[in-house]
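1. dropping a prediction and its sequence here:
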Amino acid sequence: MTKTQQVRLARRPVGLPGADTWTVTTEELPAPGPGQFLVKVDYISLDPAMRGWLNDVRSYLPPVGLNEVMRSVDIATVVASSHPEYAVGDTVSGTFGVTEYALTDGAGVQRVDLAVASGPTWLGALGMPGMTAYFGLLEVGRLQPGETVLVSAAAGAVGSVVGQLAKAKGATVIGIAGGPEKCRVLTEELGFDAAVDYRAENVLRRVREIAPDGVDIYFDNVGGDILDAALANMRRGARIVLCGAISTYNAEKLPPGPSRYMSLLVFRASMTGFVVFDYADRYGEAVAEISRLLSEGRMTAREHVVSGGVADFGDTLGMLFRGANTGKLVLAL
């Protein structure tokens, strides 16, 4: 038997998740049976989407149930195995949840090559955020060389990859982020052409100054007022890629929709939502392309790694909604 601490959903939050949202339990896991293996979780991915999984509403995934282990994608090490395809010492990625150890039959589990990149990078640029950036920009956004791309939450896990991919494909890239340090990272470390500090600048006016002819693609991770600012700065035939709306995730009542949606008509533009799981059979394509850009030094994988235990999950998740992270947020156990 293996003892493991786990974080479970104690109550559905209204607004920001608080300490009473979670409960930490200690469970005992049996030895692996035939076709099973036991993993020790090394890194837990923290993502804005987690907030949506706490709501009891219909979505692209079922909500996390009350008293269930909180859903998360992890990097883990196999520590015991009765599975013919997984050996002790293998590094794997899977949806094991916020737990120290997990027992699995291998469904949905993928091997991870730490010679290619570190565990946190496999949760970031080579994980779901990277896949989201790649297919959102290239398939939904249909990026063409020479276009102008605007991306919000540009210093985050998805936005930082979107901007760098767009630069690698020959686009001009404007990033929106909060605070001078994040804006500095965008232009000086990640190669963005310009950055807009939404905390200190009027986003609508500043984007218009930088791109007076408008933008071809807006990659939206934020929603709210920043989406409206982007709608006011479209070029004819522009595409808005709806990836997320972190500004509204903790709203206690349904926020109003975009007030400038008629810009879609004026500029013959489109606004399209997508879920990265729809491209699961093509993840290998994205991993190969992003790995190549990383190895060539044309892309930087940036992670914000917090060391702690599973009991630190709630506080660490809150960093996302305070804008306290730059790059992919990861909890290292």
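-> The structure has been received and is ready for your questions. Numbering: from 1, shown residues only.
2. and the strands in the stretch 101-250 of the chain?
-> Along the stretch 101-250 of the chain, counting by DSSP state E, counting those that start in this stretch, strands occupy 101-104, 110-111, 148-151, 172-177, 194-197, 215-220, 234-242.
3. run through who's touching the longest one.
-> Under the contact criterion C-beta atoms under 8 Å, 6 or more residues apart in numbering, strand 234-242 has outside partners 136-137, 140-142, 148, 213-220, 227, 230-231, 263-264, 266-274. (C-beta placed from N, C-alpha, C; glycine too.)
4. from the residues you listed, which would you call buried?
-> By neighbour count, with 16 or more other C-beta atoms under 10 Å, these hold 136-137, 140-141, 148, 214-220, 227, 230-231, 263-264, 267, 269, 271, 274 as buried.
5. one step back: which of the strands of the stretch 101-250 of the chain comes out lowest on mean pLDDT?
-> Mean pLDDT values for the strands of the stretch 101-250 of the chain show the minimum at strand 110-111, a mean of 94.
6. chain neighbours aside, what residue packs nearest to Gly244?
-> Ranked by C-beta to C-beta, 6 or more residues apart in numbering and with sequence neighbours excluded, the top spatial neighbour of Gly244 is Asn221, at 4.6 Å.
7. so the one you found sits right up against Val158, yeah?
-> Yes - counting by C-beta atoms under 8 Å, Asn221 touches Val158, with 5.9 Å between them.
8. for the most centrally placed residue in the chain, which non-adjacent residue is closest in space?
-> By C-alpha atoms, centre = their mean, the mean C-alpha position of the chain lies nearest to Pro129, the distance being 4.0 Å. Nearest residue to Pro129, sequence neighbours excluded (C-beta to C-beta, 6+ apart): Ala157, at 3.7 Å.
9. ok, now which ones touch that neighbour?
-> Counting by C-beta under 8 Å, 6+ apart, Ala157 touches Asp47, Gly124, Pro129, Gly327, Lys328, Leu329.
10. before we move on, the earlier item: how much space between the residue nearest to Gly244 and Thr187?
-> Relative to Thr187, Asn221 is positioned 18 Å away (C-beta to C-beta, to the nearest Å).
11. repeat for Gly327
-> 15 Å.
12. which of the two has more neighbours?
-> When neighbours are counted by other C-beta atoms under 10 Å, Gly327 and Thr187 differ, and Gly327 comes out ahead with 24 against 14.
13. can you tell me which residues contact that one?
-> Gly124, Ala155, Gly156, Ala157, Ser160, Ala301, Arg302, Glu303, His304.
14. what stretches of the chain score poorly on pLDDT?
-> The chain contains no residues with pLDDT under 70.
15. for the chain, just list every one of the helices.
-> Along the chain, counting by DSSP state H, helices occupy 49-53, 119-123, 128-135, 157-168, 180-184, 203-210, 224-231, 263-266, 283-295, 313-322.
16. angle of the last one against helix 157-168?
-> Going back to what we said before, that points to helix 313-322. If you take axes from the mean of the first three to the mean of the last three C-alpha atoms, to 10 degrees, helix 313-322 sits at 50 degrees to helix 157-168.
17. need the residues that contact helix 313-322.
-> With C-beta under 8 Å, 6+ apart, helix 313-322 has contacts from 7, 16-19, 21-22, 44, 46-48, 50-51, 70, 98, 246, 249-250, 304, 306, 308, 325, 329, 331.
18. now stretch 223-242: buried residues?
-> Using 16+ other C-beta under 10 Å as the test for burial, stretch 223-242 gives 223-224, 226-235, 238-242.
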